[in-house]
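Engineer: My questions are about this predicted structure, shown below with the sequence.
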Amino acid sequence: MDGDFDYLQFWCSIVDFFEKPPGREARCRVDKLLEWWTRKVFRRNHRGELSSAVKDNMSVNVLARQREQRDDALFDST
């Protein structure tokens, strides 16, 4: 907290805006905004030109698999 500004609440509001839009129209607007942002930041998407093996070993996919394995192990241990 910095004076009267709560940074944690601000961050949570931003995350909720993108992850919990209220309804189909809001979800559509959020999806369009994220598509626009991705085009502006990363320009052209070359993912379609990559082989399946390359896609499987991209860091985002590797991290997703690791998270899934941890979640499965945690679930199995309870």
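Structural biologist: Nice, thanks for sending it over.

Engineer: Name all residues that make contact with residue 27.
Structural biologist: residue 21 (C-beta atoms under 8 Å, 6 or more residues apart in numbering). (Each C-beta comes from the backbone N, C-alpha and C, glycine too.)

Engineer: That one: which element?
Structural biologist: Per DSSP states H and E, residue 27 falls inside helix 24-42.

Engineer: residue ranges of the helices in this protein, please?
Structural biologist: Here the chain has its helices, by DSSP state H, at 7-19, 24-42, 52-56, 59-77.

Engineer: and residue 29, how far is that from residue 42?
Structural biologist: Distance of residue 29 to residue 42, computed by C-beta to C-beta, to the nearest Å: 20 Å.

Engineer: quick one, which of these two is more surrounded?
Structural biologist: residue 29 (12 against 9; other C-beta atoms under 10 Å).

Engineer: Buried residues of the helix or strand of the chain with the lowest mean pLDDT, list them for me.
Structural biologist: Here the helix or strand of the chain ranked lowest by mean pLDDT, DSSP states H and E is helix 52-56, holding a mean of 75. Residues of helix 52-56 include none that count as buried (16 or more other C-beta atoms under 10 Å).

Engineer: Now do that helix: which elements does it pack against?
Structural biologist: On a contact count with 3 or more C-beta pairs under 8 Å, 6 or more residues apart in numbering; DSSP states H and E, helix 52-56 meets no helix or strand.

Engineer: looking at the helices of the chain, which one has the lowest mean pLDDT?
Structural biologist: The minimum mean pLDDT among those belongs to helix 52-56 (a mean of 75).
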